[in-house]
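Peer 1: Pasting a predicted model and its sequence here:
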Amino acid sequence: MITYYLAFVLLLQPDFPPEILEGYQGKEACSVEADKQNRNSPIVRDKAVRELGGEFLCLKVERLYV
């Protein structure tokens with residue numbers, strides 16, 4: 001079974017690993033939540049975070065090592 005994880009990622013900063021927030025069984029549900037967070041989250045709406053390329057997205061993870 002493939003699980004998708006909602007993660008906060010700084011796209012232009014490869015030194016910072018994604019922050020895994022929540023797991024979803026399907027990509028559709030994860031994508032809906034990522035879109036919602038990208039529109040409404042005060043974290044993403046911050047100008048400094050936008051400049052760093054920060055956004056919520058879904059990551060396909062078969063094995064998660066924390």
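Peer 2: Looks like it arrived, so ask away.

Peer 1: What helices and strands are in contact with whichever helix or strand Leu59 is part of?
Peer 2: Per DSSP states H and E: Leu59 is located in strand 54-61. If you count contacts as 3 or more CB pairs under 8 Å, 6 or more residues apart in numbering; DSSP states H and E, strand 54-61 packs onto strand 3-10, strand 19-24, helix 27-40, helix 42-45. Just so you know, the C-beta spots here come from the backbone N, C-alpha and C atoms, and that holds for glycine as well.

Peer 1: wait, which of those is closest to Gly54?
Peer 2: Each of the helices and strands packed on strand 54-61 has some distance to Gly54 by CB to CB; the shortest is strand 3-10, at 4.9 Å.

Peer 1: what helices or strands is that closest one leaning on?
Peer 2: Strand 3-10 is packed against strand 19-24, helix 27-40, strand 54-61, with contacts defined by 3+ CB pairs under 8 Å, 6+ apart.

Peer 1: quick one: buried residues of the first one?
Peer 2: Spelled out, that is strand 19-24. Neighbour counts over strand 19-24 (16 or more other CB atoms under 10 Å) mark Tyr24 as buried.

Peer 1: ok, and what's touching it?
Peer 2: The list of residues contacting strand 19-24 from outside it, by CB atoms under 8 Å, 6 or more residues apart in numbering, reads 3-9, 30, 33, 56, 58-59, 64, 66.

Peer 1: now the last one
Peer 2: Residues outside strand 54-61 that contact it (CB under 8 Å, 6+ apart): 2-11, 18, 20-21, 24, 27, 30-31, 33-34, 37-38, 41, 43-44.

Peer 1: Kindly give a single ChimeraX line that selects the buried subset of those.
Peer 2: Buried residues within these, by 16+ other CB under 10 Å, are selected in ChimeraX with:
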select :3,4,5,6,7,8,9,10,18,24,30,33,34,37
